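Novice: Next input, structure requested:
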Amino acid sequence: MGFFSKLNGFHAAGEGPSASCLEKYGAPKRSLFTELDPGDLHQKIEVKDEQGQTLYRTKSSVIAVRGKTDLFDADGALVAHLEKKPISLHEEHYIAMADGRKITLSNELFHVFKDVTNIRGLDWQLQGNVLGLNFTLFDQNGEPIAAIGQKMVSMHDRYSIDLYQPQHEKTVVAIVIQLQKMLTARRENRE
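Specialist: Alright, predicted model coming up:
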């Protein structure tokens, strides 16, 4: 692991977490990996474990105005329903977990060097480095829940998720999927 390991938190299955994550937070309890199917009209995203077994998958609406997506586990049970607010200064995105919890992601404005996304409904915060494509999810006590890294160049929009609090796995996966959709929409708006 060299210079780019410090810049980018992404790692593939079997590689182990980035040097930066190990230095800051230690070894994660579990790692997951997301991959977008670019040829799928419904923008299907799969989340796999270290062995390549699919644990979660998404199905999105073709009409992108509200960005509706459902997240399912490997058995086909609904984990969460995701939507975005059509017009929002703070890029608000909503998550309705299958257990009834409601979560809202919204960006704080005017952060020059990093994104700060508040997670209402959980009192968690997502902090990140836009240039390095690294994000860390913190709980209400400032403890890391998960470190997320995006592969710098990939047509499959790949992420690694290093879980430090695996009891929150489903919630973290829903947040990462919604974050992935937020970043995709942001890229499309710039083009």
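Novice: Averaged over its residues, which helix or strand of the chain has the lowest pLDDT?
Specialist: helix 3-7 (a mean of 44; mean pLDDT, DSSP states H and E).
Novice: packing partners for the next helix or strand after that helix?
Specialist: Next helix or strand after helix 3-7 toward the C-terminus (DSSP states H and E): helix 19-25. In terms of contacts (3 or more C-beta pairs under 8 Å, 6 or more residues apart in numbering; DSSP states H and E), helix 19-25 is packed against helix 3-7, strand 134-138, strand 144-150. Yep, even glycine has a C-beta here, placed from its N, CA and C like the rest.
Novice: Can you name the next helix or strand after whichever strand or helix holds V79?
Specialist: Using DSSP H and E, V79 falls within strand 78-84. Note on strand 78-84: by DSSP H and E, the next helix or strand toward the C-terminus is strand 93-97.
Novice: if we can go back for a sec, tell me which of the helices and strands packed on helix 19-25 sits most buried.
Specialist: Highest mean neighbour count of the helices and strands packed on helix 19-25: strand 144-150, a mean of 24 (counted as mean count of other C-beta atoms under 10 Å).
Novice: now the end-to-end length of stretch 163-175.
Specialist: With C-alpha to C-alpha, to the nearest Å as the measure, stretch 163-175 spans 13 Å from end to end.
Novice: And that stretch, what's buried?
Specialist: 163-165, 168-175 (16 or more other C-beta atoms under 10 Å).
Novice: Same list, the residues you listed, but as CSV with secondary structure and pLDDT please.
Specialist: CSV is the format used below for the buried residues of stretch 163-175 (DSSP: H, G, I helix; E, B strand; the rest coil; pLDDT from 0 to 100):
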residue, secondary structure, pLDDT
L163, strand, 96
Y164, coil, 96
Q165, coil, 96
H168, helix, 96
E169, helix, 97
K170, helix, 97
T171, helix, 96
V172, helix, 95
V173, helix, 95
A174, helix, 95
I175, helix, 90
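Novice: Many thanks, we can stop here.
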